[in-house]
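Trainee: Structure here, sequence nowhere to be found:
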């Protein structure tokens, strides 16, 4: 006998269930994965505050309705996406290969897939799923999870990019995937995959943008497989419109003697949940998950990380800087797991919040689950206002108060941004932080 | 008109009286040394002149060129020409000293209605000044005072002072933590900035610094006010006899 423990479904949950059957014809390929994922969602429902992993981000309350799936972009949408991409120019100065996904659909006309470097291949997820040629195989298997945001993404994924870098290929030019939203409120489910062969190298930047006044919903996920001795840098720039709900997940599996650096920078969206689930499976690898958030009004950014060390002698570093103005809220939940065999693991996690207003809030929840006895793991978290002594030092040199504050905020968040290896991308983010500060006035 | 006039200054911090009717006049072109035992209020005077807001002025006046500065914010005072060389200079990671200096200089110039320095003008000036103070230009590209030794931090303060060219420079225990070589470099830097238009207040606990920066006037502070004023020989007298008699005199 089975008892249904979930009696009442919310309107959003009902809408998602309806959409899943109605949209069957549009949700091409990976039928089994989609069905399994949807079942997982149906069993769990939308997570709420009594679900520990989501205690600070009550998705059931925040997602009162499920927006209809965004349609394929027409000419108007593409034109405005193009204008948005040009106008924003976040990484305009960076020599990069640009790929564009508009309203959840990969747009070949706006994407640069010509003259690919040796060892690099790029296909769209929708093409791979339609052809069913194995290009999308392994999706959702990078890091097995029961996470509901990921389950919904797998069930509804429409498009994205699949980037493969062959063994030994080192791709110097970063790949920038711009996810642009335009038009009326709708939902997008984008899924991308990156796989780096042994000794391969790649910098992938994902940017998210959309209109300020539209309450659209973004659910995006990335599967990344990093081969032995490979080097993967991933930078995610969240600049969705101020009413948007953004659920993002990066799932990565890292081989031996490899390096991975994940960086998330967020200034956009009403609500953002950035999840990173990372498994280190090979020995002697180094991973870093860093980020910087600059928030105002009632913005809410929840960064949730799980780093699972299953191999010997690996190092992980997490450094997050949250700048919180007005009534914004920055959340950091970081979990480091050290499996019984993962001796000599060296893990350090830090989350620091700078509170610019008395109504801003920072929540930090570091967790260490250590099952090996020869490891070094630590975490630190702070929350505080601008240092009055530093402020006085700057002002005593003649720098006005607002400008002094801006320099100190820039210094604070800069410490995290400085960890980005690619100079152009790093400079672009420092510039974005400066712009945010200028807009603060 | 005197450059600086401090009249009957009373200052409290968290209800505790630190300065008790301090009166002091600094003339243009002169170097005034302020000496005194620990806790006599020397550093408080420095902070109050620069405008630190933890201190509450309950009575008295501070006039720079006849203008009351007590209502001004620290940045406004800086633009008027008050410079404080900190006893403990702050570290600001992620803000290069060069950026910091240029921002400060241009902010002051802007407030005074002067045009901003161009980058080449600024660079030339920094290079020359840093050279004299034996400061490596590479250090100036790094975060302000980050990874600097005690001596380097003090030299960086003098570099800032030289670049900002204040009317009144207040040096708070600039000798603390310096070995003799570093002390000489700093003193040479300060002496180079002596000028007929500029007044200086050199705060120190020890006479040693005054062998290198020879003052025109020496004041002794005790219990929050000036208890004796004299020439440079007063410093030597203090070195020989200590502060004991002044502690009693202030009772």
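Mentor: Ah, there it is. Predicted model only: the values in this text are computed from it and were never measured.
Trainee: Run me through the strand neighbours of whatever helix or strand residue A:308 lives in, direction for each.
Mentor: For residue A:308, the host element (DSSP states H and E) is strand A:300-309. Strand A:300-309 has its sheet partners listed here by DSSP bridges as strand A:271-280 (parallel), strand A:329-338 (parallel).
Trainee: what's the burial count for the residue of the stretch 101-250 of chain A found nearest chain B?
Mentor: Nearest to chain B in the stretch 101-250 of chain A, going by Cβ to the nearest Cβ, is residue A:235, at a distance of 18.3 Å. Any C-beta I mention is one placed from the backbone N, CA and C, and that applies to glycine too. A count of nearby residues for residue A:235, using other Cβ atoms under 10 Å in any protein chain shown, gives 27.
Trainee: on that earlier part again, what's the model's confidence in the strand holding residue A:308, averaged?
Mentor: In this model, strand A:300-309 carries a mean pLDDT of 97.
Trainee: Next up, the contacts around whichever residue of the stretch 51-200 of chain A sits closest to chain B.
Mentor: Relative to chain B, the nearest point of the stretch 51-200 of chain A is residue A:93 (19.5 Å; Cβ to the nearest Cβ). By Cβ atoms under 8 Å, 6 or more residues apart in numbering or on different chains, the contact list for residue A:93 reads A:424, A:427, A:428.
Trainee: Can you check those and name whichever has the most neighbours?
Mentor: Neighbour max across the contacts of residue A:93 (other Cβ under 10 Å) = residue A:428, 24 neighbours.
Trainee: Relative to residue A:29, how far out is that one?
Mentor: 35 Å (Cβ to Cβ, to the nearest Å).
Trainee: and what of residue B:177?
Mentor: Per Cβ to Cβ, residue B:177 is found 69 Å from residue A:29.
Trainee: The two: who's more crowded?
Mentor: residue A:29 (18 against 15).
Trainee: before we move on, back to that, quick one: the helix or strand hosting the residue of the stretch 101-250 of chain A closest to chain B to strand A:300-309, angle?
Mentor: Using DSSP H and E, residue A:235 sits within strand A:231-239. If you take axes from the mean of the first three to the mean of the last three Cα atoms, to 10 degrees, strand A:231-239 sits at 170 degrees to strand A:300-309.
Trainee: what packs against strand A:231-239?
Mentor: strand A:187-196, strand A:201-209, strand A:217-226, strand A:245-254, strand A:259-266, strand A:271-280, helix A:423-440 (3 or more Cβ pairs under 8 Å, 6 or more residues apart in numbering or on different chains; DSSP states H and E).
Trainee: Flag every residue of the stretch 301-441 of chain A that's near chain B.
Mentor: Within reach of chain B by Cβ under 8 Å from any Cβ of the partner chain, the stretch 301-441 of chain A has these residues: A:388-390, A:392-401, A:403-404, A:407-408, A:410-412, A:414-415, A:418.
Trainee: can we see that at 7 Å?
Mentor: Contact residues, the stretch 301-441 of chain A versus chain B (Cβ under 7 Å from any Cβ of the partner chain): A:389-390, A:392-393, A:395-401, A:403, A:407, A:410-411, A:414-415, A:418.
Trainee: just the buried members of those?
Mentor: Neighbour-count burial (16 or more other Cβ atoms under 10 Å in any protein chain shown) applied to these gives A:390, A:392-393, A:395-400, A:403, A:407, A:410-411, A:414-415, A:418.
Trainee: What confidence value was assigned to residue A:87?
Mentor: pLDDT, residue A:87: 48.
Trainee: Just the terminal-to-terminal distance for stretch B:22-33.
Mentor: Taking Cα to Cα, to the nearest Å, stretch B:22-33 runs 15 Å from one end to the other.
Trainee: neighbours of residue A:304, just the number please.
Mentor: Quick note: residue A:304 (other Cβ under 10 Å) scores 22 neighbours.
Trainee: Which residue, neighbours along the chain excluded, lies closest to it?
Mentor: residue A:333 (4.5 Å; Cβ to Cβ, 6 or more residues apart in numbering or on different chains).
Trainee: Tally up the residues packed near that neighbour, please.
Mentor: Neighbours of residue A:333 (other Cβ under 10 Å): 22.
Trainee: So what's the predicted local confidence for it?
Mentor: 97.
Trainee: repeat for residue B:229
Mentor: 96.
Trainee: For it, which residues are in contact?
Mentor: The contact partners of residue B:229, by Cβ atoms under 7 Å, 6 or more residues apart in numbering or on different chains, come to B:217, B:219.
Trainee: Against residue B:21, how distant is it?
Mentor: 15 Å.
Trainee: ditto for residue B:209
Mentor: With Cβ to Cβ as the criterion, residue B:209 and residue B:21 are 27 Å apart.
Trainee: how about the residues of chain B that lie near chain A?
Mentor: B:50, B:52, B:73-75, B:78-79, B:84, B:86, B:90, B:92-95, B:103-104, B:107-108, B:160, B:164.
Trainee: So which of the residues you listed are in strands?
Mentor: Members of the residues of chain B next to chain A lying in strands (criterion: DSSP state E): B:84, B:92, B:93, B:94, B:95.
Trainee: Show me the helices in the stretch 151-251 of chain B, by range?
Mentor: Assigned by DSSP state H, counting those that start in this stretch, the stretch 151-251 of chain B shows helices spanning B:180-192, B:208-212, B:233-241, B:244-250.
Trainee: Show me what secondary structure element comes after the worst-scoring helix or strand of chain A on mean pLDDT.
Mentor: Least confident element among the helices and strands of chain A, by mean pLDDT, DSSP states H and E: helix A:75-88 (a mean of 72). Later in the chain than helix A:75-88, the nearest helix or strand by DSSP H and E is strand A:97-102.
Trainee: The next helix or strand after that following strand pairs with which strands?
Mentor: Proceeding N to C from strand A:97-102, the next assigned helix or strand is strand A:105-106, under DSSP H and E. For strand A:105-106, the paired strands and their directions (DSSP bridges) read strand A:97-102 (antiparallel).
Trainee: and the partner strand with strand A:217-226, angle?
Mentor: 150 degrees.
Trainee: got the buried residues for strand A:97-102?
Mentor: A:97, A:98, A:99, A:100, A:101, A:102.
Trainee: and what of stretch B:120-135?
Mentor: So stretch B:120-135, judged by 16+ other Cβ under 10 Å, has buried residues B:122, B:125, B:126, B:129, B:130, B:133, B:135.
Trainee: what's the answer for stretch B:169-179, then?
Mentor: Judged by neighbour count using 16+ other Cβ under 10 Å, the buried positions of stretch B:169-179 are B:169, B:170, B:171, B:172, B:173, B:174, B:175, B:178.
Trainee: I am finished for the moment; much appreciated.
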